[in-house]
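Chemist: could you look at this predicted model? Sequence included:
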Amino acid sequence: MPLDKMDRAILAALAHDARMTWQAVGRRVHLTGQAVATRVQQMVEGGTIRGFTVARGDLRRYFITVFMDTPQFDAFEAFLQAHAEVESASKIAGEGCYQVTLACESDAGLDDFTQALLRYGRYKVASEMRRVKP
């Protein structure tokens, strides 16, 4: 089930603070708390949210510039939607085609993601040293 803009906004809010109430998430994304709860339940049932865990330390963030080899933009964007560790992704102008922020627990997560990414093109990676502003 593809995620819409509202689902992605809910996931981003929960990624920022997973302890937020449905009402607080709703205020952030302009929905009622009940609507947020319904959407989260649908994402659980659809497999987008596979479980709820306690974080084991901070996630490592990687900033990936993607250089597409072919114009498979729809397929690539579906690929991004299917990866929960993709915190954000933007189609960009300038150097590269997309800018992706990947948040994972270890370099192994980065390796898995970039290996799968190779079917769409080349990439370059920068890693976060420290967060200046959340």
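Modeler: Nice, thanks for sending it over.
Chemist: where in this structure is pLDDT low?
Modeler: Low-confidence regions of the chain, defined here as pLDDT under 70, cover residues 1, 52-58, 134.
Chemist: so what's the residue count around Val125?
Modeler: 13 (other Cβ atoms under 10 Å). Any C-beta I mention is one placed from the backbone N, CA and C, and that applies to glycine too.
Chemist: Ala37 now?
Modeler: The number of residues packed near Ala37 is 16, by other Cβ under 10 Å.
Chemist: that one: which element?
Modeler: helix 33-46 (DSSP states H and E).
Chemist: after that helix, next one along is what?
Modeler: Sequence-wise, the next helix or strand beyond helix 33-46 is strand 60-68, with elements assigned using DSSP H and E.
Chemist: and that following strand, how far out from the chain middle?
Modeler: Using Cα atoms, centre = their mean, to the nearest Å, the distance from the centre of strand 60-68 to the centre of the chain it belongs to is 12 Å.
Chemist: so what does the helix holding Ala37 touch, helix or strand wise?
Modeler: In terms of contacts (3 or more Cβ pairs under 8 Å, 6 or more residues apart in numbering; DSSP states H and E), helix 33-46 is packed against helix 5-16, helix 22-29.
Chemist: which residues touch the longest one?
Modeler: For helix 5-16, the external contacting residues (Cβ atoms under 8 Å, 6 or more residues apart in numbering) are 3, 20, 25, 28-29, 31, 36, 39-40, 43, 48-49, 84, 87-88, 103, 134.
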